[in-house]
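[1] got a predicted structure here, sequence first:
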Protein chains: 2
Amino acid sequence: MAVREQTCSIARSLEVLGERWTFLVLREAVSGTTRFADFRATLGVASDVLSDRLATLVDAGVLEKRPYREPGSRARDGYHLTDAGRELAVVLGALQQWGDAHRPYAPGPTVLRRSADGRPLHVAFVDDEGTEVPLEEVRFVRTATYPR
Amino acid sequence: MAVREQTCSIARSLEVLGERWTFLVLREAVSGTTRFADFRATLGVASDVLSDRLATLVDAGVLEKRPYREPGSRARDGYHLTDAGRELAVVLGALQQWGDAHRPYAPGPTVLRRSADGRPLHVAFVDDEGTEVPLEEVRFVRTATYPR
DNA sequence: CTCCTGAGTTGGTTTCACCAACCTAGCGTC
DNA sequence: GACGCTAGGTTGGTGAAACCAACTCAGGAG
C-alpha cells in the first residue's frame, strides 16, 4: 500500500481497518469481547498479530484501553469500543449481509441482526429523511481531486 | 487466516474481499473502471497483485470478464461488476462514510454519494419497512454455532 | 517461595506484496 | 512478412508481514 496520505476516504478507512484480522477483531468487539485472551480464543489469531491490531485500533481511536480488575486478580486492560468504533457496526453489518447473500454456507445464515424489539434489520443506503433508497438509484460522485 | 470453512458470514465475506487492494479495486469498479491498465493506473498497484485480485473476484462471482474490442485493436477482456459485486456498494459506502467522519483529511470530505436526483445519502441500518433505525437500537445476535 | 494465569514479547519459518524485467497476441505499417 | 507498438498479463528476486512456538513478566494463591 502506498505510504502517501490518501485523498480517498475509503483508502483512509482501510489504512486503519484493512489489515488481516482487523474486521474479525471488530466483529468480536461489537459482540462484547473486551479481553485479549477472549479475542485470542474466539478468533484463533496469533498473539503477536492480535497485539499489533489492538494497538493500531487504539491508536486510531476505534478502541480504548480500560483497566478492570477481576476479584482475586491484578488489574489488567480491557479493550472497549469508542463511539467511532461503534459506528463500524454499519460496515460489519454490510459485510455480514453480503456474506449471507453471496457466500452461502450449507447450514444457512448463521447470524442475524435484530433491533431491540426483535425485528429483522438490514443495511442500506438511506436519504436525508431516513428512507431507504434502492441500489439502482445510488451514484458515487467524486467531488475533489483523486489519488494519482 | 485459518483455512477451514468459516461459519461466520463476515469471515466468509473477507475470504474474498479481505486481501490488500481488493476494496480499492472494487471502489474503482463501482465508479466505472473495467480495464486492467486503468485499474493499474488509478491505483498504482503492481500488475501481479492486480492480476491475482481480479482473478479472485472473478472466481467469487463479484466481477465477470467481458470481451470488448477497441476499434483498430484486438479483442480484450474487461472486468465488469456482477449483481453480487454491485451490492458491495453498501459496504464501500459504509467504509467511505466512516473514513469521512473519523479519518479526517485536511481538504475535507472528498467524495459524496448522491442519488440520481442529487440528494445526499448515507448508509445505515434499516428495518423491514425501509425506515432507518438508530445505531443504539441495533443488536448483533448470534443464532447458530460459532467459530471455534 | 513456588506455582499459576493473563497479557503479552521474541525468534525462526513461510507467505505475500512489491518491483523490474520479460512475454505474447494481434494490429498497423512499410 | 518483418518490425514495432500496446494491453494484459507472467516470472524472478527481495523485503516485510503473518504464523507458530517458546519464552517472559507481574501479581495473586497456596
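    In hand now; what should we look at?
[2] quickly find the element holding the residue of chain A found nearest DNA strand C.
    Closest approach between chain A and DNA strand C, counting by CB to the nearest atom of the strand: residue A:37, at 3.3 Å. Every C-beta, even on glycine, is put in place using the N, C-alpha and C of the backbone. Per DSSP states H and E, residue A:37 falls inside helix A:36-43.
[3] which strands and helices sit next to that helix?
    Here helix A:36-43 touches helix A:22-30, helix A:47-59, going by 3 or more CB pairs under 8 Å, 6 or more residues apart in numbering or on different chains; DSSP states H and E.
[4] packing partners of the first one?
    Okay, so that is helix A:22-30. helix A:9-17, helix A:36-43, helix A:47-59, strand A:75-81, helix A:83-87, helix A:89-102, helix B:9-17.
[5] neighbouring contacts of the helix-or-strand element of chain A with minimal mean pLDDT?
    Least confident helix or strand, chain A: strand A:111-115 with a mean of 76, by mean pLDDT, DSSP states H and E. Residues external to strand A:111-115 that are found in contact with it (CB atoms under 8 Å, 6 or more residues apart in numbering or on different chains): A:93, A:96, A:100, A:120-122, B:8-10, B:125, B:127, B:133, B:137-144.
[6] and for stretch A:92-100?
    A:23, A:26-27, A:30, A:109, A:111, A:113, A:121-123, B:8-14, B:17, B:84, B:87-88, B:90-91, B:93-94, B:123, B:125, B:138, B:140.
[7] cutoff 6 Å now
    With contacts defined as CB atoms under 6 Å, 6 or more residues apart in numbering or on different chains, stretch A:92-100 is touched by A:27, A:30, A:109, A:113, A:122-123, B:9-10, B:12-13, B:90-91, B:94.
[8] just flag the most distant two among those residues.
    A:109 and B:94 (19.3 Å; CB to CB).
[9] out of the two, which sits in the busier spot?
    residue B:94 (26 against 15; other CB atoms under 10 Å in any protein chain shown).
[10] so what's residue A:14 closest to, chain neighbours aside?
    Among residues not flanking residue A:14 along the chain, residue B:23 sits closest, at 5.9 Å (CB to CB, 6 or more residues apart in numbering or on different chains).
[11] any low-confidence regions in chain A?
    A:1-6, A:106-110, A:142-148 (pLDDT under 70).
[12] quick one on the thing from earlier: closest to residue B:75 among the contacts of stretch A:92-100?
    residue B:91 (32.3 Å).
[13] hey, what's residue A:64 bridged with?
    Applying DSSP bridges to residue A:64 yields these beta-bridge partners: residue A:80.
[14] what number of residues lie near it?
    There are 15 residues near residue A:64, going by other CB under 10 Å.
[15] and residue A:128, by the same measure?
    9.
[16] list buried residues within the contacts of stretch A:92-100.
    By neighbour count, with 16 or more other CB atoms under 10 Å in any protein chain shown, the contacts of stretch A:92-100 hold A:27, A:30, A:113, A:122-123, B:9-10, B:12-13, B:90-91, B:94 as buried.
[17] quick revisit: quick one: closest of the helices and strands packed on helix A:36-43 to residue A:72.
    That would be, of these and by CB to CB, helix A:47-59, which comes in at 23.9 Å.
[18] name the residues that touch the closest one?
    If you take CB under 6 Å, 6+ apart as the criterion, helix A:47-59 is touched by A:21-22, A:25, A:39-40, A:63, A:79.
[19] any chance of the residues you listed in a markdown table, with neighbour count too?
    A markdown table is the format used below for these (neighbours: other CB atoms under 10 Å in any protein chain shown):
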| residue | neighbour count |
| --- | --- |
| A:21 | 19 |
| A:22 | 23 |
| A:25 | 25 |
| A:39 | 22 |
| A:40 | 17 |
| A:63 | 24 |
| A:79 | 23 |
